[in-house]
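In: just the structure for this:
(chains A, B, C and D, ligands or ions: 4)
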Amino acid sequence: MNTATAIRKQTIAKAMSEALASEMERDPGVVVLGEDIGKLGGVFGNTGGLLERFGTERVFDTPISETGFIGAAVGMAGAGMRPVVELMFVDFFGVCMDAIYNLAAKQAYFSGGQVSCPMVLMTSVGGGYGDAGQHSQCLYATFGHLPGMKVVIPSNAHDAKGLMLAAIRDENPVVFMFHKALQGMGWLGTVAGSITDVPDGEYEVPIGKAGVAREGTDITLVGLGITVHHCLAAADALSREDGVEAEVIDIRTIAPLDRETILASVRKTGRVVVVDDDYLSCGLAGEVIASIAEAGIPLASPPQRISHPDIPIPFSPALEHAVLPNAEMTLAAARQSIGERA
Amino acid sequence: MNTATAIRKQTIAKAMSEALASEMERDPGVVVLGEDIGKLGGVFGNTGGLLERFGTERVFDTPISETGFIGAAVGMAGAGMRPVVELMFVDFFGVCMDAIYNLAAKQAYFSGGQVSCPMVLMTSVGGGYGDAGQHSQCLYATFGHLPGMKVVIPSNAHDAKGLMLAAIRDENPVVFMFHKALQGMGWLGTVAGSITDVPDGEYEVPIGKAGVAREGTDITLVGLGITVHHCLAAADALSREDGVEAEVIDIRTIAPLDRETILASVRKTGRVVVVDDDYLSCGLAGEVIASIAEAGIPLASPPQRISHPDIPIPFSPALEHAVLPNAEMTLAAARQSIGERA
Amino acid sequence: MSKTNQPHRLWMYENMVKSRAFEDAIKPAYLEGKTPRFNMARGPIPGEMHLSDGQEPCAVGVCAHLRESDTVTATHRPHHAAIAKGVDLDRMAAEIFGRDTGLSGGRGGHMHLFDASVNFACSGIIAQGMGPALGAAMAAKLRGSDAVAVAYIGEGAANQGAFHEVMNLASVWGAPLVIVIEDNGYGVSVSKASCTAVSRNADRAAAYAMPGIHIAGNDPDAIYDAAGEAIARARRGEGPSLIEIETSRLEGHFMGDQEAYRPEGEKDRLKAMDPIPRYRERLLADGIDAAELDACEKHAQQAVETAFAFARGSALPDPASAFTSVFVERTTA
Amino acid sequence: MSKTNQPHRLWMYENMVKSRAFEDAIKPAYLEGKTPRFNMARGPIPGEMHLSDGQEPCAVGVCAHLRESDTVTATHRPHHAAIAKGVDLDRMAAEIFGRDTGLSGGRGGHMHLFDASVNFACSGIIAQGMGPALGAAMAAKLRGSDAVAVAYIGEGAANQGAFHEVMNLASVWGAPLVIVIEDNGYGVSVSKASCTAVSRNADRAAAYAMPGIHIAGNDPDAIYDAAGEAIARARRGEGPSLIEIETSRLEGHFMGDQEAYRPEGEKDRLKAMDPIPRYRERLLADGIDAAELDACEKHAQQAVETAFAFARGSALPDPASAFTSVFVERTTA
Ligand SMILES: Cc1ncc(C[n+]2csc(CCOP(=O)(O)OP(=O)(O)O)c2C)c(N)n1
Ligand SMILES: Cc1ncc(C[n+]2csc(CCOP(=O)(O)OP(=O)(O)O)c2C)c(N)n1
Ligand SMILES: [Mg+2]
Ligand SMILES: [Mg+2]
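Out: Ligands and ions are numbered 1, 2, ... in the order given. Just a heads-up that it's a prediction; the model follows:
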């Protein structure tokens, strides 16, 4: 519930650390673990100030032992604490995925609900800043495919705080992805639209609900994280230049996916472009399109998706920017959709 | 090329070990590594006899160190050998995925083609025999989503041998999945249709090409591994009981996915049911449906998919058999598709 | 073994016998429906079945020191540890039979036994139980309780990356954790000697600045003593220890294993050293009444019979329950 | 340091200087387009930039013993090792600038330098270069060659599971592998002392029954001697070794790092111990002509200038090339 009023523009990084601090204040069971999340305040700024405020009993700078400390978080969560643990880049999931998908995600199920796993795994996603193929991946679908965890990604600071609160309070493992290009770290550049008003009281953004970032009637643009901003930019251009009103859906929760909100919009508009920056095949964009097709919604033109192609993410900006989904690609796809008949 | 003539009924396990032996004979660079692949001949029988024939210089029983020995295989492959390495159950990918998707799959790309990675990763998939949620997964989409590796799965012994030959000779990393319910190990039970004639000469089944397991005109049933047999059983029933001729596509290569063969069939039939036994969301079945939808193929009824639901795989047969895709579910979906109009 | 531990010796004996009786009852039940040709998919208990025959001393010698509030994480071979930790035997049997009344309503099965009331959990992935045990230990420490955690692993698991990471973390954090290696000489078919760089995994403890204790003889009393010290140390807040126990697996890796990888005669030699009759003799030699031991055996046998009757008498779960407990509802806000 | 190694000393000096000169040229190039407000996404060289200033002795002392046919796997901090291994400097610079003429046509960048002609590779994931190095070592061994492999890692990597697995495998397999830990005291902001259970990672070698050598002083000659023995041992087929080198990182973890985690004055102390001027003094004291050292410096400087001119003069890659080299075509059947 939103109990605050003053307007406070914040970055996602700040909103995350604020949510963490407020939950740590409220609940002594919340502890934070990860690499460089203490003294450094998190490579991506999302744990800034926590060590100073809560001390080394609650904020643990860990060795580079992701399997060990994420596994430990599962045990802490099973014992009734609420660990928030950071995997610095989602790209590193390969060294610790068992602890995530075979332990955290299945603890409730294997125990028949006796032992829950209220932990949050924060992890950075996304490229666009030249960090190459082991530091720029999104892996939305990798996590969205595997049952037992909830997966969220905010597109702006308001949602970041509300989703973080909801994630910490959830009885289940929540993977909290944050996109580097939205994080508000000056050294990474930041999409302006991600910096929003963040009420200073406690409020939750519900996990499992997509948002309507812009209402429209003519075409549905579906995105998440940074691609919401590509969709919004494309929608602006469509409105300005084509007289077309696009509805923009912010997926916000990758799992469980809120198909209803998406389907309702597509039923209304009859046209859809889905944009994500993860790899294409077996991706989230494909899942959205498959869900629309299964539902048998009549479309005025074939559904389209824009994703990172099925290639490793290249380093050179000349290559990376050519393949990374952006607003222009979104606009072009939307225009094609509008121009076509199914 | 098929140089043999006599009919020899074989299991997939035997076909795999035969292909391995014949390539080891031909190419001294082929070595086999993994847990229990030597003395035991592989928990799933696919390396039977290799140690006896080729000795400990070519066949390595490893410690339980998947990150270490799969990483080593990447180095061997980069040095020009052709390691075949086993990850006993695909469920264990979480302890070693970095070596697979960040090293093996990207070695060619990161090196600009200077260093290839001709390795095969054999791994068992699938449930149905009560081995519960950490030993029954398929993870087709987990592997199919990540670029830089080819991923194959045979539905029968003929294809198993030909795909294994092609995989070993491929310059790129190939994940060779084999389904436990098709493996031909008596102790796991075996779907009879997987035991086929296996020519005794060398032949390749091309990677990247789907197969048409049964021709038909009225509906397309798409499967892979065990679900091909569900599709075939459903097709038989449809033909016998409904006078409906289903075309059955065997995906065979998960990545890169042969969309053309699938689309061609659906263009012809106008109806499609896709069946896999992996988790539903962001799964391979969804990818197939999204590809059909994107292509704008007019359908007579909405495309359908049958997958394992988004829940961990339950142990009790009363639960597992209720949720695991089977021939009856496939038949029911096909009948619904035939009965409906889009 | 001090005199004051006499009751523990009987407790250990009874729990070893109970574990053995439990598995002796599992064997025929598991084989039901799997003959004439062994097929793991069939019968009332499908899937893999890893028996702990011969390894019972590792369970009782350690768990004799544990309280309900202490945590144990076990492996794919969990029955003996579960029993010694006090997991509800009826619901455990029902879980293994995949019944509605099972610990997890049949969702987990033999490799995923969880009993929250005694803080017992399992993982079927090698060495992966260690992380959660460390976490449970840290939760206790952070809350100022003197509870401890014990992570059981096999000697094969000591070559897995998770072992290294958790050992180091436990040491750096001073966690009240005891890692117990049950060294039965094999990981499936691969001998320890052929895949481990050192002959004693206890020596690896030095790489983490923690005590490493090696115990030969598969002897409940020796294990009891060493574990008692390690656990007391952990309770005192002095940090983790590694205990390596030489034990023996008297059956195959799982039921159906042909065991062709064993040297000729090994199995007979191991069976001749079965720790349970040996312990009975020792107790008798130490003056314990045969009647007391007989009573232990009878209790154990009865508990197992009750458990199996409970399991077999329970219903299979409603298929709809496959979809519940994937997520747990929030209980507080 | 024996007299016969005199040429190596000059080689080591020249390569340390070349590495430093290379990075001194990187610094302003990297900052182009990133001011006034530092933004990693901008400029001709985007992304993270990990410099090896201060760690040059680790590169030259080891690589002085290596041949083209020997393999080196490096980390996210690879320049010094790449240069000492003889990676083509022009194409390396071009790769870092993301140009068409780069080692990988701009696909890999600074953290993914591959030069097959000298068997050099990188991985940006901590400790993950170790597996491929082990594989390269085993490939040599299986083929009967006396080539060896060297895996560089940081001290932070010694707490990652891959370290443990590869150490054990290398020992069990008797692989001709040398693992070199560059201990610069930090993993990003986290000090070794705060996250490592032992004070010397070399002591961990005992857990794998392999020699563990600790070298203090960040001294090229001492490293040269120790590495020479370890590499010779590997070539003789006597198996792997671990070398731990105390070194220092004279810059931030990556460019842009504020380094607030360092104790007051640490950076100045470290800079005062810069190994390159120290080595120059040592060589002069040992009677080497200043002119020779000046010539080394000049060669190094010229090579770097040529490389940067080559890189800057090269075209950006054709966007279509993003889609090539994902898979490599089969060359033989
Ligand atoms: C990460 C992982 N790799 C492989 C396996 C397959 N596996 C199951 S039990 C086992 C052997 C384990 O040996 P050990 O740790 O000594 O335990 P034991 O079976 O002897 O009790 C293996 C390899 C697994 N479950 N997890
Ligand atoms: C598995 C993994 N975890 C975390 C990181 C992020 N990371 C990059 S460098 C680094 C510190 C590495 O420390 P060290 O091994 O000592 O090398 P140094 O940077 O000091 O050269 C970390 C944590 C990573 N790349 N891979
Ligand atoms: Mg064992
Ligand atoms: Mg370091």
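
In: residues near the residue in the stretch 151-300 of chain A that chain D sits nearest to, how many?
Out: Closest to chain D within the stretch 151-300 of chain A is residue A:189: 4.6 Å, counting by Cβ to the nearest Cβ. C-beta: built from backbone N, CA, C; applies to glycine. If you count neighbours by other Cβ atoms under 10 Å in any protein chain shown, residue A:189 ends up with 19.

In: with residue C:285 instead?
Out: Residue neighbour count, defined by other Cβ under 10 Å, stands at 8 for residue C:285.

In: and the gap between it and ligand 2?
Out: Using Cβ to the nearest ligand atom, to the nearest Å, residue C:285 is found at 55 Å from ligand 2.

In: do the same with residue C:264
Out: 45 Å.

In: next: residue A:210.
Out: Distance from residue A:210 to ligand 2, counting by Cβ to the nearest ligand atom: 32 Å.

In: quick check: buried residues in stretch A:78-88?
Out: A:78, A:79, A:81, A:82, A:83, A:84, A:85, A:86, A:87, A:88 (16 or more other Cβ atoms under 10 Å in any protein chain shown).

In: spit out the contact partners of the second one.
Out: Okay, so that is residue A:79. Residues near residue A:79 by Cβ atoms under 8 Å, 6 or more residues apart in numbering or on different chains: C:71, C:119, C:135, C:136, C:139, C:140.

In: farthest pair in the buried residues of stretch A:78-88?
Out: The distance between the two most remote of the buried residues of stretch A:78-88 (Cβ to Cβ) is 24.9 Å, for A:79 and A:88.

In: before we move on, back to that, between the buried residues of stretch A:78-88, which is closest to ligand 1?
Out: residue A:87 (19.4 Å; Cβ to the nearest ligand atom).

In: tell me which residues form a beta bridge with that closest one?
Out: For residue A:87, the beta-bridge partners are residue A:123 (DSSP bridges).

In: now do the contacts for it.
Out: A:34, A:66, A:70, A:93, A:96, A:121, A:122, A:123.

In: for these, give me CSV that also has pLDDT, neighbour count and distance to residue C:296.
Out: Compiled in CSV, the contacts of residue A:87 are given as follows (pLDDT from 0 to 100; neighbours: other Cβ atoms under 10 Å in any protein chain shown; distance: Cβ to Cβ, whole Å):
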residue, pLDDT, neighbour count, distance to residue C:296
A:34, 98, 27, 49
A:66, 98, 29, 46
A:70, 99, 30, 42
A:93, 98, 26, 49
A:96, 98, 30, 44
A:121, 99, 27, 47
A:122, 98, 26, 52
A:123, 98, 24, 52
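
In: go through the buried residues of stretch A:78-88 and flag which are in helices.
Out: residue A:78 (DSSP state H).

In: wait, isn't residue A:268 in contact with residue A:218?
Out: No: with contact defined as Cβ atoms under 8 Å, residue A:268 does not reach residue A:218; the gap is 9.4 Å.

In: looking at these two, which one has more neighbours?
Out: Each of residue A:268 and residue A:218 has its neighbours counted (other Cβ under 10 Å); residue A:218 has more, 21 against 14.

In: go through stretch C:194-209 and flag the buried ones.
Out: In stretch C:194-209, counting by 16+ other Cβ under 10 Å, buried: C:194-198, C:200-209.

In: just the helices in the stretch 201-342 of chain A please.
Out: In the stretch 201-342 of chain A, the segments counted as helices under DSSP state H, counting those that start in this stretch are A:226-237, A:259-269, A:284-294, A:317-323, A:327-339.

In: let me redo that: the stretch 151-300 of chain C
Out: Under DSSP H, counting those that start in this stretch, the stretch 151-300 of chain C gives helices at C:161-173, C:192-195, C:220-235, C:266-272, C:275-285, C:290-313.

In: please see if the first one touches ligand 1.
Out: No: using Cβ under 6 Å from any ligand atom, no contact is recorded between helix C:161-173 and ligand 1, whose separation bottoms out at 8.3 Å.

In: check contacts around residue C:148.
Out: Contacts here follow Cβ under 8 Å, 6+ apart; on that basis residue C:148 touches C:66, C:70, C:71, C:137, C:140, C:176, C:177, C:178, C:231, C:234, C:235.

In: among these, which are in strands?
Out: Counting by DSSP state E, the contacts of residue C:148 place C:71, C:177, C:178 in strands.

In: related to what we said a few turns ago, any chance of CSV for the helices of the stretch 201-342 of chain A, columns distance to ligand 4 and mean pLDDT?
Out: Listed next are these as CSV, based on distance: least, Cβ to the ion, whole Å; pLDDT from 0 to 100:
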stretch, distance to ligand 4, mean pLDDT
helix A:226-237, 32, 98
helix A:259-269, 46, 98
helix A:284-294, 36, 98
helix A:317-323, 28, 98
helix A:327-339, 40, 97
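
In: which of these is buried the deepest?
Out: helix A:284-294 (a mean of 27; mean count of other Cβ atoms under 10 Å in any protein chain shown).

In: run the angle between it and helix A:226-237 for me.
Out: Angle, helix A:284-294 to helix A:226-237, by axes from the mean of the first three to the mean of the last three Cα atoms, to 10 degrees: 60 degrees.

In: pull the residues that contact helix A:284-294.
Out: With contact meaning Cβ under 8 Å, 6+ apart, helix A:284-294 is reached by A:140-141, A:144, A:222, A:224, A:251, A:254, A:257, A:259, A:262-263, A:266, A:272, A:274-276, A:278, A:280, A:299, A:303, A:305-307, B:281-283, B:285-287, B:289-294, B:302-305.

In: ok, residue A:109 - contacts?
Out: A:148, B:133, B:311, B:312, B:314, C:104, C:107, C:108, C:325, C:326.

In: give me the domain ranges for chain A.
Out: The record's domain parsing of chain A by automatic domain parsing lists A:7-197, A:211-339.

In: ok, which of those domains comes nearest residue B:42?
Out: Nearest of these (Cβ to Cβ): domain A:7-197, 22.0 Å.

In: near ligand 2 at all, the closest one?
Out: Yes: Domain A:7-197 is in contact with ligand 2 by Cβ under 6 Å from any ligand atom, via A:35, A:64, A:66, A:88, A:92, A:95.

In: how about the strands in the stretch 151-300 of chain A?
Out: Here the stretch 151-300 of chain A has its strands, by DSSP state E, counting those that start in this stretch, at A:174-179, A:196-197, A:211-214, A:219-223, A:246-250, A:253-255, A:272-279.

In: oh, that last question was meant for the stretch 1-150 of chain C, not what I typed.
Out: Under DSSP E, counting those that start in this stretch, the stretch 1-150 of chain C gives strands at C:71-74, C:120-122, C:149-154.

In: for ligand 1, give me its nearest residue in chain C.
Out: Of all residues in chain C, residue C:154 sits closest to ligand 1, at 2.2 Å by Cβ to the nearest ligand atom.

In: what's across from the nearest residue to that residue once chain neighbours are set aside in the sheet?
Out: Nearest non-adjacent residue to residue C:154, counting by Cβ to Cβ, 6 or more residues apart in numbering or on different chains: residue C:182, 5.6 Å away. Applying DSSP bridges to residue C:182 gives these bridge partners: residue C:154, residue C:245.

In: report the separation between residue C:182 and residue A:335.
Out: From residue C:182 across to residue A:335, the span is 66 Å (Cβ to Cβ, to the nearest Å).

In: secondary structure class for residue A:117?
Out: Following DSSP: H, G, I helix; E, B strand; the rest coil, residue A:117 is assigned to coil.

In: that one contacts residue A:78, correct?
Out: Yes: applying Cβ under 8 Å, one finds residue A:117 in contact with residue A:78, separated by 6.3 Å.

In: any residues in contact with both of those two?
Out: residue A:107.

In: related to what we said a few turns ago, CSV please, covering the ones in strands among the contacts of residue C:148 and showing neighbour count, pLDDT and distance to residue D:254.
Out: Formatted as CSV, the ones in strands among the contacts of residue C:148 follow (neighbours: other Cβ atoms under 10 Å in any protein chain shown; pLDDT from 0 to 100; distance: Cβ to Cβ, whole Å):
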residue, neighbour count, pLDDT, distance to residue D:254
C:71, 29, 98, 40
C:177, 34, 99, 34
C:178, 32, 99, 40
